[in-house]
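>>> Model the structure of this input:
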Amino acid sequence: MSQFFYIHPDNPQVRLINQAVEILRNGGVIVYPTDSGYALGCMIGDKHAMDRIVQIRHLPEGHNFTLVCSDLSELSNYAHVSNTAYRLIKNNTPGRYTFILTATKELPHRLMTSKRKTIGIRVPDNQIALDLLKALGEPILSCSLMLPNEEHIAQSDPEEIRERLEHHIDLIIHGGYLGQEPTTVVDLTEDTPVILRKGSGSIEPFN
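Below you'll find the predicted structure:
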């Protein structure tokens, strides 16, 4: 059965943030708040935890996972970014966007889509998520918490998440009741941005 932490959305308790980080480092799968609903997360290098997320979401082979980052300083470690793409990302983060970029060789092959070798990157505008990332010291491998047969609706109620998933994950962070619209996904692998999914982030900056 999962643990359940009430963390203040504006002033996250350091003790609980550190406990959540330890759960991640020990191979745990967590549910945590972002600026566009709740997300499932685990360590980048933990294949077993990643496989658990795949089972929870019933994800197809080749699903594009996202690296959720605290800022853009880690970007070049995981993705190739042109100057134009970097400016677009910088001007729209933190925010409700996932940017699809060409992955570097530093990224484990199992995290890339088999054909295109891409990875999603995002910096959320959520204090709990940012504090988690800073305490962890590296990105969290994540995907939106959208349950099977409920695609395109990000889970927003932590009490409901607890009822449905408490036997499948290690920690649920209650960080308030959030919106249900997932991020806007923008493909920046080519010179011209392509909107792959219109979500909670405005598409205007990319037109």
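>>> where does this protein dip in pLDDT?
Applying pLDDT under 70 to the chain flags the ranges 112-116, 150-154.
>>> residue closest to the middle of the chain?
Centre of the chain computed as the mean C-alpha position; nearest residue by CA atoms, centre = their mean is S142, 3.7 Å away.
>>> and that residue, what does it touch?
S142 is in contact with 39-42, 65-68, counting by CB atoms under 8 Å, 6 or more residues apart in numbering. To be clear about C-beta, it is placed using only N, CA and C from the backbone, and glycine gets the same treatment.
>>> In the protein, what residue spans correspond to helices?
Taking DSSP state H as the test, the helices found in the chain are 14-25, 47-57, 75-78, 83-91, 127-136, 158-165.
>>> Which parts of the chain are strands?
Per DSSP state E, the chain carries strands over the ranges 3-6, 30-34, 37-42, 66-68, 79-80, 97-103, 118-122, 140-144, 171-174, 184-187, 194-197.
>>> so can I have a markdown table of those strands showing distance to D157?
Below are the strands of the chain laid out as a markdown table (distance: least, CB to CB, whole Å):
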| stretch | distance to D157 |
| --- | --- |
| strand 3-6 | 13 |
| strand 30-34 | 11 |
| strand 37-42 | 9 |
| strand 66-68 | 21 |
| strand 79-80 | 33 |
| strand 97-103 | 22 |
| strand 118-122 | 22 |
| strand 140-144 | 14 |
| strand 171-174 | 10 |
| strand 184-187 | 22 |
| strand 194-197 | 22 |
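>>> Which among these is found nearest to S156?
When the strands of the chain are compared by CB to CB, strand 37-42 sits nearest S156, at 5.3 Å.
>>> Wait, K47 touches R110, no?
Yes. Look at K47 against R110 with CB atoms under 8 Å: they come within range, at 6.6 Å.
>>> out of these two, which sits in the more crowded spot?
K47 (13 against 10; other CB atoms under 10 Å).
>>> What separation is there between that one and L59?
Remark: distance between K47 and L59 (CB to CB, to the nearest Å) = 14 Å.
>>> which ones are touching D46?
27, 141.
>>> repeat that with 6 Å
D46 makes contact with G27, according to CB atoms under 6 Å, 6 or more residues apart in numbering.
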